[in-house]
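> need a 3D model of the following:
(one chain, ligands or ions: 1)
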Amino acid sequence: MVARVIPVDPFDLVVFGGTGDLARRKILPGLYRRFSAGQMPRESRIIGVARKAMTREDYRAVVAEAIGEFVAPERRDGEVERAFLDCIDYVAVDVGGDAGWSELSALMREGVVRAFYFSVGPGLFGPLADRLHAHAIADTDARVVVEKPFGNDLASARALNATLAAYFREDQVYRIDHYLGKETVQNLMAVRFANILFEPLWNAQFVDHVQITVAESVGVNGRGEYYDRAGAMRDMVQNHLMQLLCLIAMEPPFRFEPDAVRDEKLKVIRALDPVRSDEIVRGQYRAGATTPAYREEAGDPDSLTESYIALKVHVSNWRWKGTPFYLRTGKRLRARTSEIAVTFKEPPHSIFGEGESWKENVLVIRLQPNEGMNLRVMIKEPGPGGMRLKEVPLDMSFAEALGGEGGADIPDAYERLIMDVIRGNQTLFMRGDEVEAAWAWTDPVIAGWEERGDRPQPYDPGSSGPEDALMLMHRDARRWREIRD
Ligand code: NAD
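This is a model prediction of the structure:
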């Protein structure tokens, strides 16, 4: 099955931070893949911007190298690559200063969509918005794409929203959370709202609990300095896990359109209870046989920042009162895996008697690796010997189910989101009030542990986190799902 590709309108996309890690790993290779799939028109242009003086040819070499490194060999094609590189330009601009803006302005064309990707450090988001406005480079239809982190608390997020709002309408601002661009995450909405099967059970009467896990096997590596100021709560929970929680918990939007979806997500965030201090477990990884301790990587021997966090979250509304959501995320864990698991309650009465190996129905939505879904159901164990129950997975891997080229052509989250920016579709981007509401919930939790001088518990690299995180579940007579590839 070949994926249906609808080309977007021609565009000028300016990538501020065009030589950075994100541009090289995700943005540029993603655009190449959309170009080779026929979705990015040849009349479009990508203008890289960084401080360094470079010719257009030098920058094309940077882009070619990024394609060589981050595009799968079977997706590469010399002729397509040359045509793609023809679309690439470069201007040296110091986004915090005044040089280079008139050259950039001169390159922008009339009559095509203008988009500006802020892929520079967050300290430059404000100055960048100021200068785009001062130099009249962004027209009234221009889109700005803002990377994470969107603030590091409510006050800074509000200030950034205010700066953006001074120059751009809300419908021009695209706050990226790349988790929302993942195929499975969108599929979650399709499963919930395009089937009659699940929605009647999707509430506290039938759902025992929900687990959301985003586990990484790597440490903080080169990002230690940034990460040590953030920690897992700010870096992962406030944005990615919160977004996943919203999509699981939200009411059906009246239509799959930006404000309808975002209104429903906002209601979920507002319905969250404050987290109790005994329902949070923070952890920090120790040194392993071959890996340094978190504190060493962070460059602070006394750091109290968490590289792991587990929380029990309560959504106080009619649908969810009484069904806890357990969230956990961390670094240097046993495997790199992200999943949402919805565990249903027991049937009201067992006709098979005691002692049967009955297990709950669990719907698992896998975000990585191997995006897909799995539903655990009980059946009769085949063969003679009476009625014995057995659990079997109804398993669907998207790559396999969609098969062949269609499967291989599932776009990466970033490329899908960039195409949405060009199309002017904000459904999968966070609205300003959503981000602020998420910080308003996160801030007191962080303030609480700072006031208490809370020390994260050490855990071994390659484990599934600190002991107390297991207790968070055990005391509710529940268990975390195993973290594995
Ligand atoms: P990076 O440090 O690798 O690259 C930053 C880029 O900005 C470089 O091209 C640099 O030349 C340019 N730059 C820096 N100062 C500049 C200035 N004054 N004027 C013009 N250009 C300047 O950073 P990155 O990892 O690519 O991250 C970029 C943004 O994306 C950050 O906001 C980061 O938080 C966010 N982000 C990155 C990742 C990732 O995987 N790298 C993931 C999520 C979010």
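> for the rest of this, base every contact and every neighbour count on C-alpha atoms.
Will do.
> what's residue 145 sitting at in phi/psi?
Dihedral pair for residue 145: phi -110, psi 120, per degrees, to the nearest 10.
> now do the contacts for it.
115, 116, 117, 118, 173, 174, 175, 176, 421 (C-alpha atoms under 8 Å, 6 or more residues apart in numbering).
> would you mind measuring from residue 478 to the ligand?
The gap separating residue 478 from the ligand is 33 Å, by C-alpha to the nearest ligand atom, to the nearest Å.
> likewise for residue 102?
Going from residue 102 to the ligand by C-alpha to the nearest ligand atom gives 14 Å.
> quick check: that residue touching residue 134?
No. Contact criterion C-alpha atoms under 8 Å: residue 102 and residue 134 do not qualify, at 11.0 Å.
> okay, helices next: where are they in the stretch 151-300 of the chain?
154-167, 183-193, 224-232, 242-249, 258-270, 294-298 (DSSP state H, counting those that start in this stretch).
> and the nearest residue to residue 446 once chain neighbours are set aside, how many neighbours does it have?
Leaving aside its chain neighbours, residue 446 sits nearest to residue 233 (7.9 Å; criterion: C-alpha to C-alpha, 6 or more residues apart in numbering). Residues lying near residue 233 (other C-alpha atoms under 10 Å) number 25.
> just list the residues touching residue 233, thanks.
Residue 233 makes contact with 306, 309, 442, 446, according to C-alpha under 8 Å, 6+ apart.
> give me that answer again for 10 Å
239, 241, 282, 305-311, 328-330, 442-443, 445-446 (C-alpha atoms under 10 Å, 6 or more residues apart in numbering).
> repeat that for residue 183.
367, 371, 372, 398, 410, 411, 412, 413, 416.
> mind redoing it with 8 Å?
Applying C-alpha under 8 Å, 6+ apart to residue 183 gives the contacts 371, 410, 411, 413.
> before we move on, the earlier item: can you say which of the helices of the stretch 151-300 of the chain is nearest to residue 14?
Residue 14 sits nearest to helix 154-167 of all the helices of the stretch 151-300 of the chain, at 17.2 Å, using C-alpha to C-alpha.
> mind giving me the packing neighbours of the closest one?
For helix 154-167, the elements it packs on are helix 125-134, helix 432-452, judged by 3 or more C-alpha pairs under 8 Å, 6 or more residues apart in numbering; DSSP states H and E.
> and those helices: which comes nearest the ligand?
With C-alpha to the nearest ligand atom, the closest approach to the ligand among these belongs to helix 125-134: 8.1 Å.
> that older thread, would a markdown table of the contacts of residue 183 with secondary structure and pLDDT be doable?
Formatted as a markdown table, the contacts of residue 183 follow (DSSP: H, G, I helix; E, B strand; the rest coil; pLDDT from 0 to 100):
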| residue | secondary structure | pLDDT |
| --- | --- | --- |
| 371 | coil | 83 |
| 410 | coil | 74 |
| 411 | coil | 82 |
| 413 | helix | 92 |
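> could you report the neighbour count for residue 226?
Count around residue 226 with other C-alpha under 10 Å applied: 12.
> what sits against it?
By C-alpha under 8 Å, 6+ apart, the contact list for residue 226 is empty.
> can you pull the residues of this structure lying near the ligand?
For the chain, the contact set with the ligand under C-alpha under 6 Å from any ligand atom comprises 17-23, 50-51, 93-96, 119-122, 147-149.
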